[in-house]
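*Asks:* starting from these lines, generate the structure:
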Amino acid sequence: MAQEIVEVPITGKIISVNVKPGDQVQEGDVICILESMKMENPILAPVDGTIGEVGVSAEQVVKPGETIAVIEF
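*Replies:* Model (predicted):
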């Protein structure tokens, strides 16, 4: 099974996490909301699949390159 790693694009704070391991996602579904420079940025699933792991939690401060989630497809 292939994996797609969804990474943090910009420094910020995770406002909410909308998925948990085992959830099915479609391309374009919102995985989490990242706040950066007072703007809320939805982080979207790049592929259809199943969430294998979630690497962030609400209120966590994150940096570019950190893993948000792993999607198995």
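*Asks:* helices of this protein, start to end?
*Replies:* Under the criterion DSSP state H, the chain carries no helices.
*Asks:* in it, which spans are strands?
*Replies:* 3-7, 12-17, 24-25, 30-36, 39-44, 49-54, 61-62, 67-72 (DSSP state E).
*Asks:* list the contacts of the longest one.
*Replies:* To tie it back to what came earlier, the one meant is strand 30-36. 6, 8-19, 25, 40-45, 51, 56, 62, 68-69 (C-beta atoms under 8 Å, 6 or more residues apart in numbering). C-beta here means a position set from N, CA and C on the backbone, and glycine is covered the same way.
*Asks:* can you list the strands of the chain in JSON lines and add mean neighbour count?
*Replies:* Formatted as JSON lines, those follow (neighbours: other C-beta atoms under 10 Å):
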{"stretch": "strand 3-7", "mean neighbour count": "15"}
{"stretch": "strand 12-17", "mean neighbour count": "17"}
{"stretch": "strand 24-25", "mean neighbour count": "17"}
{"stretch": "strand 30-36", "mean neighbour count": "18"}
{"stretch": "strand 39-44", "mean neighbour count": "14"}
{"stretch": "strand 49-54", "mean neighbour count": "18"}
{"stretch": "strand 61-62", "mean neighbour count": "16"}
{"stretch": "strand 67-72", "mean neighbour count": "20"}
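*Asks:* number of residues surrounding the closest residue to Ala2 other than its chain neighbours?
*Replies:* Nearest residue to Ala2, sequence neighbours excluded (C-beta to C-beta, 6 or more residues apart in numbering): Phe73, at 5.6 Å. For Phe73, the count of nearby residues is 15 (other C-beta atoms under 10 Å).
*Asks:* state the distance from Asp23 to Gly12.
*Replies:* As defined by C-beta to C-beta, to the nearest Å, Asp23 lies at a distance of 23 Å from Gly12.
*Asks:* so which bits of stretch 22-29 are buried?
*Replies:* Asp23, Val25, Asp29 (16 or more other C-beta atoms under 10 Å).
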